[in-house]
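Undergrad: Build me a model:
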Amino acid sequence: MSASEDQSDVERVLLGDIAAFEGIVHRWQGPLINLAYRFCQDRGRAEELAQEAFLRCYRALRQWRRDAAFSTWLFALATNLYRTELRRIPPRTQSLDDIAEPADARVFDEGLEDRDRDLVVRRALVALPGKYREVLILFYFHDMDVAAAALSLGLPEGTIKARLFRGREILRSKLPQMLAAPRLKEA
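TA: Numbering: from 1, shown residues only. Okay, the predicted model is just below:
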C-alpha cells in the first residue's frame, strides 16, 4: 500500500474530488474490517465499525497533519472509534477459565491441529481484559511497533510495553493448559 497513493487521494478529496475517497476505501477496507474484527469477533459488527471509521475519516481528512503516515492516522482514528464503541456496547466475552475444554485426550504436541490451536488462542485473546487485548491485537495482528500502537491508542510507549508484557504473561499462564486439554467433539 503506497503512502504516495494515500497522499494523492487525500489531496484530491480535499480539492473537491469526492470520488478519490474510493481509492482510500479500496486500499484500507480489508485492514480496517480485520482490525475491527479482532476487537469484536463479529464480522457484521466489524463491517459496520469499519464503515463508521471511513465516515469519520472522510469528515476529518483536513485534520490529518501529515506528521505521520496516513495509515497510522487512519488506524489511530479507527482504533479510537472501535474502543469507544466497544465500551458502549461491549462484545460478549468469557473468562479464560470458562472456555470449554476439548474432549479428546490428544495433547497439543500429539496432533492438535493448527486450526484448533488458533481457535483456542483467539478465544483466549478475546477473554483478556480490553486494555491488554487492544495492545496485543495492534502489535501482533496488525504488525504495529510499540510507537505506532502508542500513537494509535493515545498512550505512552511505556504503558504499551507494560500492557504487552502483562497480556503475554496472562496468556502464557492460561494457554498451556488450554492447548493440552482434550478437544471438543464436533457436533
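Undergrad: my read is Leu155 is in a strand, agree?
TA: No - counting by DSSP: H, G, I helix; E, B strand; the rest coil, Leu155 is not found in a strand; it is coil.
Undergrad: which element follows the helix or strand harbouring Val126 toward the C-terminus?
TA: Element membership of Val126 [criterion: DSSP states H and E] is helix 114-127. Next helix or strand after helix 114-127 toward the C-terminus (DSSP H and E): helix 130-136.
Undergrad: on that earlier part again, in PDB, list the C-alpha atoms belonging to the helix holding Val126.
TA: Output of helix 114-127 as PDB, limited to C-alpha atoms (Å, rounded to 0.1, in the frame of the first residue of the first chain):
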ATOM      1  CA  ASP A 114      -3.300 -25.700  13.800                       C
ATOM      2  CA  ARG A 115      -6.900 -24.600  13.300                       C
ATOM      3  CA  ASP A 116      -7.800 -25.800  16.800                       C
ATOM      4  CA  ARG A 117      -4.800 -24.100  18.300                       C
ATOM      5  CA  ASP A 118      -5.600 -20.900  16.500                       C
ATOM      6  CA  LEU A 119      -9.200 -21.100  17.800                       C
ATOM      7  CA  VAL A 120      -8.000 -21.600  21.400                       C
ATOM      8  CA  VAL A 121      -5.500 -18.700  21.100                       C
ATOM      9  CA  ARG A 122      -8.200 -16.400  19.600                       C
ATOM     10  CA  ARG A 123     -10.700 -17.300  22.400                       C
ATOM     11  CA  ALA A 124      -8.000 -16.700  25.000                       C
ATOM     12  CA  LEU A 125      -7.200 -13.300  23.400                       C
ATOM     13  CA  VAL A 126     -10.800 -12.300  23.300                       C
ATOM     14  CA  ALA A 127     -11.200 -13.200  27.000                       C
END
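Undergrad: In the record's domain split, what are the boundaries for the protein?
TA: Structurally, the chain divides into domains by automatic domain parsing as follows: 3-88, 96-180.
Undergrad: Would you mind giving those domains as CSV with mean pLDDT and mean neighbour count added?
TA: In short, each C-beta sits where N, CA and C put it, glycine included. Formatted as CSV, the domains of the chain follow (pLDDT from 0 to 100; neighbours: other Cβ atoms under 10 Å):
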stretch, mean pLDDT, mean neighbour count
domain 3-88, 91, 16
domain 96-180, 77, 16
